[in-house]
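Enquirer: sequence unknown, structure follows:
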């Protein structure tokens, strides 16, 4: 293919298939995690490391001049304007506990901005793919081959919102948690423990708002094309780009963002 974006877009299928061949059997059989954090708990498994190694090798073979950064292995600095960001298992705690909301996150950026993003949910048999290279779009693709466009739901008030967060007491400091609680107290209801699956639900119009912290680039960049491609907005807590983390707010109704920033800005006090 002569179109560099088209060539990389077509490559996502091969990458997700290769990652699934490693991660899905280990998820079904159960696997032991090691704690890689000097304090607290930050699990890593054989599946994380092996899947990232395979993904990196495939990218280096197909696009040797592209940069690569990931969750577990050292960065590779390329020589062109394309870069890949990998998280072979986002939601390792869910993976170890047998909860099927873990995912493989793959993003391709051009000139430092995510343009293609995949949230692959192997245990749920579906993938969400976002494309910002032209007119923004996002699709949900099922393992049986059926697929359809993703569209967010729009609401008029935060009181109607369905709020998601993976683990507020684990990912927020005291000030961040206080800001989150202000918003959480005013929404319709909230759901926890969704990991990247929550952003797929937002893109489907099933959730309306997700607020998280402690995020790294590998956690965020694949989410951006999916949320934006579905018509939503995703920023840091002050309206800037979230691509490097650590704080993230995603919403299906851009009109509500000003109110959200008012509450979230208090986290810095």
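Expert: Thanks, I have it. This one's a predicted model, so the numbers in the text were calculated from it and none came from an experiment. Residues are numbered from 1 along each chain as shown.
Enquirer: where exactly do the strands run in the protein?
Expert: 34-35, 43-44, 67-70, 82-90, 103-110, 113-121, 126-131, 137-142, 147-149, 162-165, 189-192, 209-212, 233-235, 248-251 (DSSP state E).
Enquirer: taking the mean pLDDT, what do you get for the second one?
Expert: Across strand 43-44, pLDDT averages out at 56.
Enquirer: With the third one instead?
Expert: In this model, strand 67-70 has an average pLDDT of 96.
Enquirer: thinking again about what came up before, switch the strands of the chain over to CSV; also include mean neighbour count and distance to residue 97.
Expert: Glycine gets a C-beta too; all of them are placed from N, C-alpha and C. Below are the strands of the chain laid out as CSV (neighbours: other CB atoms under 10 Å; distance: least, CB to CB, whole Å):
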stretch, mean neighbour count, distance to residue 97
strand 34-35, 11, 15
strand 43-44, 16, 10
strand 67-70, 21, 23
strand 82-90, 26, 12
strand 103-110, 27, 15
strand 113-121, 24, 16
strand 126-131, 24, 20
strand 137-142, 18, 24
strand 147-149, 12, 29
strand 162-165, 22, 18
strand 189-192, 14, 14
strand 209-212, 27, 19
strand 233-235, 20, 27
strand 248-251, 25, 23
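Enquirer: where among these is the average confidence lowest?
Expert: strand 43-44 (a mean of 56).
Enquirer: sorry, back to before: could you dump the strands of the chain to CSV with distance to residue 6?
Expert: Below are those laid out as CSV (distance: least, CB to CB, whole Å):
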stretch, distance to residue 6
strand 34-35, 39
strand 43-44, 34
strand 67-70, 19
strand 82-90, 13
strand 103-110, 12
strand 113-121, 10
strand 126-131, 10
strand 137-142, 14
strand 147-149, 18
strand 162-165, 33
strand 189-192, 37
strand 209-212, 30
strand 233-235, 24
strand 248-251, 27
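Enquirer: Cool, thanks, signing off.
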